[in-house]
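Asks: Sequence first, then the predicted structure, then my questions.
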Amino acid sequence: MSELLQAMALLQSTFDKYAGKEGNKDTLTKAELADLLHNELPVAEGKAEVDNLFSLLDNDKDGVVDFTEYVTFVTSLTVLCKQ
């Protein structure tokens, strides 16, 4: 498997690892996102930062972060890190 395909699979498996613990396996709740950030990308410290990040990621304001919103966040963060 190529490195790009591995990266794509890792994005999906990381999402799947946290999504659905509280309900829908296709979305992340705020608590699931907080767990993901704490364990995988410890950048958000505290409830206020998680709340703010969740609000920014939930583009359609449906109260959950779907896979597209999650991938958009990770790719945007990757671009920022490269600059």
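Replies: That came through fine. Not measured: the values here are computed from a predicted model.
Asks: Give me the distance between S2 and M8.
Replies: The spacing between S2 and M8, counted by C-beta to C-beta, to the nearest Å, is 9 Å. Bear in mind the C-beta positions are built from the backbone N, C-alpha and C, glycine included.
Asks: Repeat that for V71.
Replies: The value you get for V71 to M8, if C-beta to C-beta is used, is 9 Å.
Asks: contacting residues around the residue most central in space within the chain?
Replies: Centroid-nearest residue in the chain, with C-alpha atoms, centre = their mean: Y70, separated by 4.1 Å. Neighbouring residues of Y70 by C-beta atoms under 8 Å, 6 or more residues apart in numbering: 11, 15, 28, 57.
Asks: which residues do V71 and M8 both contact?
Replies: With C-beta under 8 Å, 6+ apart, V71 and M8 have no common neighbours.
Asks: residue ranges for the helices of this structure, please.
Replies: 3-18, 30-40, 47-57, 67-82 (DSSP state H).
Asks: and N24, which of those helices is closest to it?
Replies: helix 30-40 (9.9 Å; C-beta to C-beta).
Asks: before we move on, the earlier item: quick one, which of S2 and M8 is more surrounded?
Replies: Taking neighbours as other C-beta atoms under 10 Å, S2 and M8 compare with M8 leading, 13 against 7.
Asks: what about A34, neighbour count?
Replies: 20.
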